[in-house]
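>>> Okay, sequence plus prediction incoming.
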Amino acid sequence: MKLVKLISGRGKDITYEIINGSYKIKWGEIRFIVEHAEIKELLYSFFADPYKWYSLGASLDKPMRN
């Protein structure tokens, strides 16, 4: 499993592993699965440029196309 941290550095650890194209995630005590198609939908629906990584925070949740 890979470990990722929240941008703030606070909060519970987030671990994930990719199994058959699905992301098995554990965030604190919560466990859930996110399908690759769901991530693709988020990239194409939410972000202005789906090929660019955005640093998101409380004030950066509506990225604008450059």
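Arrived safely, thanks for sending.
>>> Please make it C-alpha for all contacts and neighbour counts, starting now.
OK.
>>> Contact partners for residue 16?
Applying Cα atoms under 8 Å, 6 or more residues apart in numbering to residue 16 gives the contacts 1-3, 23-26.
>>> Give me the buried subset of these.
23-26 (16 or more other Cα atoms under 10 Å).
>>> ok, back up a step: ok, the contacts of residue 16 vs residue 15, which is closest?
residue 3 (4.5 Å; Cα to Cα).
>>> can you redo the contacts of residue 16 as CSV with distance to residue 44?
As requested, the contacts of residue 16 are exported to CSV (distance: Cα to Cα, whole Å):
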residue, distance to residue 44
1, 26
2, 25
3, 25
23, 18
24, 21
25, 21
26, 24
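>>> So which of the residues you listed sit within strands?
2-3, 23-26 (DSSP state E).
>>> what's the spacing between the spatially closest residue to residue 18 that is not a sequence neighbour and residue 1?
Excluding its sequence neighbours, the residue lying closest to residue 18 (Cα to Cα, 6 or more residues apart in numbering) is residue 24, at 6.2 Å. From residue 24 across to residue 1, the span is 9 Å (Cα to Cα, to the nearest Å).
>>> Could you do residue 19 as well?
Applying Cα to Cα to residue 19 and residue 1 gives a distance of 10 Å.
>>> Kindly report the same for residue 40.
For residue 40, the distance to residue 1 (Cα to Cα) stands at 21 Å.
>>> cool, residue 23 as well?
For residue 23, the distance to residue 1 - Cα to Cα - is 10 Å.
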